[in-house]
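1. sequence and predicted model, in that order:
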Amino acid sequence: MSGMFRDAASLRVADGVVATVPLTVVEPDGPTRGAIVVLHEARQFSKALLELMAALAVDGWLTVAPHLFHREPEHIQGDVFGDNLFADVDATLDWLTGRDVPADTIGVLGFDAAGTAAMLVATSRPVGAAVSVAARGIVEALSVDAQALVDAAVSLQAPWLALYGEDDPDTPPEHVSRLREATAKADVATLVVSYAGLQHRADEPPQIPEGRDDDDPCAAAIIDARTRIFDWFDGNLR
């Protein structure tokens, strides 16, 4: 993929210890208008995720995905929360600001549990905007290292867009309604959008099923969701 490369960001480790988090980066061909940090909850980068990162780069965003499971052996799948998450995000933000990307032009994007992580990052880190797709743990925290989203909502420090499918059993409509009410009390702009008939595949952007055309309601919802992601970053990262 043109413009894609691997790098590493230095972790903020005490006592002179040197450690890094691996990064997958897709850079724009032209001027960089800011950056998008993509959080993910799998070791492998799916084709759909790489294509989305490339599309963000075409739109002018330096797109960076830290490898969140670099500490664990290959056979262990942990979660994306706690001190390690914030250490990896801090290292990625340092990497970006070291390349003269201002903090208020950096967004964070995540899907599924990593969408939950993206929202939590927006409560405590200097990012300009955040987007979460199918973020779980709305009324009950996903782990001891994470807050329930309805509790974290009041602490949001960056504009946050949340996209949900009404048919997703992990995020029932009544939970999404409670989240919408909670985020209305935040001090920043928030938007919680629900789409009828959609479920979400973990760690992947919404994909139009094969054989469906753009006039199909499911396909139209997926196109709208993708448009909202790009528009949210366009409107809030300046």
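-> Sure thing, it's come through. Residues are numbered from 1 along each chain as shown.
2. average pLDDT across stretch 6-25?
-> Mean pLDDT, computed over stretch 6-25, is 85.
3. C-alpha coordinates for that stretch, PDB please?
-> What follows is stretch 6-25, C-alpha atoms only, in PDB (Å, rounded to 0.1, in the frame of the first residue of the first chain):
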ATOM      1  CA  ARG A   6       6.200   0.600  10.100                       C
ATOM      2  CA  ASP A   7       7.900   2.600  12.800                       C
ATOM      3  CA  ALA A   8       8.100   2.600  16.600                       C
ATOM      4  CA  ALA A   9       7.300   5.200  19.300                       C
ATOM      5  CA  SER A  10       9.200   5.500  22.500                       C
ATOM      6  CA  LEU A  11       7.300   4.700  25.700                       C
ATOM      7  CA  ARG A  12       7.600   6.900  28.700                       C
ATOM      8  CA  VAL A  13       9.500   4.400  30.900                       C
ATOM      9  CA  ALA A  14      11.400   5.500  34.000                       C
ATOM     10  CA  ASP A  15      14.900   4.500  35.300                       C
ATOM     11  CA  GLY A  16      16.500   4.800  31.900                       C
ATOM     12  CA  VAL A  17      14.700   1.700  30.400                       C
ATOM     13  CA  VAL A  18      14.200   2.000  26.700                       C
ATOM     14  CA  ALA A  19      11.000   0.500  25.300                       C
ATOM     15  CA  THR A  20       8.800   1.100  22.300                       C
ATOM     16  CA  VAL A  21       5.400   0.400  20.800                       C
ATOM     17  CA  PRO A  22       5.300  -0.700  17.200                       C
ATOM     18  CA  LEU A  23       3.300   1.500  14.800                       C
ATOM     19  CA  THR A  24       1.700   1.000  11.400                       C
ATOM     20  CA  VAL A  25       1.500   4.300   9.600                       C
END
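4. residue 31 contacts residue 60, correct?
-> Yes: under the criterion of C-beta atoms under 8 Å, residue 31 makes contact with residue 60 at 6.7 Å. For glycine as for every other residue, the C-beta is placed from the backbone atoms N, C-alpha and C.
5. those two: which is more packed in?
-> residue 60 (16 against 6; other C-beta atoms under 10 Å).
6. could you check the pLDDT of the more buried one?
-> Reported pLDDT for residue 60: 96.
7. name the nearest residue to it, ignoring sequence neighbours.
-> residue 33 (4.0 Å; C-beta to C-beta, 6 or more residues apart in numbering).
8. ok, that neighbour to residue 5 distance?
-> 19 Å (C-beta to C-beta, to the nearest Å).
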